[in-house]
Each structure stands twice: as structure tokens, then as C-alpha cells.
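> starting from these lines, generate the structure:
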Amino acid sequence: MKLEEVGKLSIGATLARIKAKPNEKAYPRRLFTIQELNKVTVDPNLEVESQEILVSDRYIQEVPIAKVGMILIGLTAPRAFVVTDAYEGYVIPINFIYLECHEGVCPEYVAWYFNEHPDIQRRLAVERQGSSLQALSMQKIRELPIELPGVATQMKIATVYRLGHQRKKLWIEKQRLEEKLMNEWMIRTLKEEK
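As a prediction, the model looks like this:
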């Protein structure tokens, strides 16, 4: 089975096209960025400055907006992320593909498969090899193979993946706090010496 068969794949908006011109009615919308993707998939402590775009009234109805349960896939940073409440309503720019899964397909399972399965990782490495931009194409994403077990198995894998991701976030936070504690102890010890 190919990735395009598990749901509807679409590409994000060209920002120059949807951006409001001066003196045009516009709606401010938050923008999902590669930094946001890195924060939710790689480093939860990453400082991310939120970005907004003023969407033209002419395009407000057709702008791709992130919805809970939708999968966002970075084209320049090939990671998949299942949209949560925190990112609902963000505008999806052209450097992302979004996937709305069919019924019977668990989005978290698809994200795990894309992010962690060795076959996909090998394929992505080959696709990006030798390219200076190293961006994936919509066609390459569509053609990626995916194994789709029964819903119960998808849910089990998704649960373990989610718990592992939470564990990793907590471990990173623990490391950060331990470093902070050690540094504060050393500063306090230095001050006591004076």
C-alpha cells in the first residue's frame, strides 16, 4: 500500500499568494513553521518565535488550516506530526504536506511509521541524497510504501509511540533541570567561598 491510499494528501499554501496586500481586508492567522515541527518532533525545549500571516479576504476560505488529527509532513525536514489542540487553526505553508486519514487509519500510527520505520528512513535518505536543497516532492511522499495492519494493532503501536515520545520529553526536561541544579549549586558554593 502507498501513503496516498491511507488518506487525502494535499500541499500547503503559497504564502505570497494568500498574503493580504496593503489596504485589503485581512485576517491574522498563526503560521506552522519548520521550527514548530522541530519543537514537537525533536526538541521540546526549542525556543520558537510564533509567526503570523495576514490572509487576504479573497483566499480565507481556501487556505489550508491545521485540524486536530491531521498529519503534517515537512518537505524540507521530513518528519510527521499529528496536529494537537495547541496547533489547531494554524495556516499550513507550502513546505508542508498534510494528510487527512481515511476512517480506520490511526494518524499516530502513520506518523510513527513515517518517522521511525527503517524502510521509510532508508527510502527518505536515498531520496534526499545528492540534493543541495534536500526537499522531498509531493510525488515521492505519495509513493512511500506503508504497512497498514488492523485498527487494534495501529492503536497499540500509536499508544507505545506516544508514551515513548512523552518519556523522551520528560527525560530531556529532567536533564535540563539537573544541569540547572548543578549550576546553581556551583554558583552558591562559589559565593560561600568569598
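> so who does residue 93 touch?
Counting by Cβ atoms under 8 Å, 6 or more residues apart in numbering, residue 93 makes contact with 12-13, 15, 31-33. Backbone N, C-alpha and C define where each C-beta goes, glycine included.
> ok, now how distant is residue 14 from residue 40?
Residue 14 sits 24 Å away from residue 40, taking Cβ to Cβ, to the nearest Å as the criterion.
> list the contacts of residue 65.
Neighbour list for residue 65: 29, 89-92 [criterion: Cβ under 8 Å, 6+ apart].
> which among those gets closest to residue 4?
Closest approach to residue 4 among these (Cβ to Cβ): residue 92, at 17.5 Å.
> ok, the closest one touching residue 13?
Yes. Counting by Cβ atoms under 8 Å, residue 92 does reach residue 13; the two are 6.6 Å apart.
> so what sits against both of these two?
residue 64.
> helices or strands next to the host helix or strand of residue 177 in the packing?
Element membership for residue 177, per DSSP states H and E: helix 151-193. If contacts are counted by 3 or more Cβ pairs under 8 Å, 6 or more residues apart in numbering; DSSP states H and E, helix 151-193 sits against helix 107-116.
> identify each buried residue in the helix it packs on, please.
Taking 16 or more other Cβ atoms under 10 Å as the basis for neighbour counts, the residues of helix 107-116 that come out buried are 107-115.
> ok, now stretch 36-49?
Of the residues in stretch 36-49, those buried by neighbour count under the rule 16+ other Cβ under 10 Å are 36-41, 44.
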